[in-house]
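Undergrad: Kindly return the folded structure for what I paste below:
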Amino acid sequence: MTTTVRIPHRLEQTLAQYCVETRRSKSEVIIELLEQRFAAAEPERTPYELACETGFIGAFDGRPEDGAKSDIKAKVRAAVAKKHGRA
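TA: Got it, this is the predicted structure:
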């Protein structure tokens, strides 16, 4: 899909220089920046929502299915990394 955006000349020059330095297209840079902006604007999930998503809530006996502490720690670390864009 093609979208046209008018930006100030100074910003166009900065974008062009950045693209040359990083050897990336304008489209790549703009798409990445938009994705970052929209991800940052997403509402924060509650601890309850994160627990449901990772499988901590809803398992039998109130524990994850396998109950392994190392698995729980790994799931928590993965959820935190994903939340902060390090996944």
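
Undergrad: doesn't residue 46 make contact with residue 53?
TA: No: applying C-beta atoms under 8 Å as the test, residue 53 and residue 46 come out as separate, 10.5 Å apart. (Glycine included, C-beta is placed from N, CA and C.)

Undergrad: The two - which one has more neighbours?
TA: residue 53 (13 against 9; other C-beta atoms under 10 Å).

Undergrad: Give the next helix or strand downstream of the helix or strand where residue 37 lies.
TA: In the assignment (DSSP states H and E), residue 37 maps to helix 26-41. Using DSSP H and E, the helix or strand that follows helix 26-41 in sequence is helix 47-54.

Undergrad: Contacts for that next one next, please.
TA: Here helix 47-54 makes contact (C-beta atoms under 8 Å, 6 or more residues apart in numbering) with 45, 57-58, 75-76, 78-79, 83.

Undergrad: Quick one: distance of that helix to the chain centre.
TA: Counting by C-alpha atoms, centre = their mean, to the nearest Å, helix 47-54 is centred 16 Å from the centre of its parent chain.

Undergrad: Past that helix, which element shows up next along the chain?
TA: helix 69-83.

Undergrad: Averaged pLDDT, that next one. What do you get?
TA: The average pLDDT for helix 69-83 rounds to 80.

Undergrad: Check which helices and strands that helix sits against.
TA: Using 3 or more C-beta pairs under 8 Å, 6 or more residues apart in numbering; DSSP states H and E as the contact test, the elements touching helix 69-83 are helix 47-54.

Undergrad: Kindly export the helix it packs on (C-alpha atoms) in CSV.
TA: Taking C-alpha atoms only, helix 47-54 is exported to CSV below (Å, rounded to 0.1, in the frame of the first residue of the first chain):
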residue,chain,number,x,y,z
PRO,A,47,-0.4,-8.3,35.8
TYR,A,48,-3.5,-10.5,35.6
GLU,A,49,-3.6,-10.2,31.8
LEU,A,50,0.1,-11.1,31.6
ALA,A,51,-0.4,-14.1,33.9
CYS,A,52,-3.3,-15.4,31.8
GLU,A,53,-1.3,-15.0,28.6
THR,A,54,1.7,-16.9,29.9
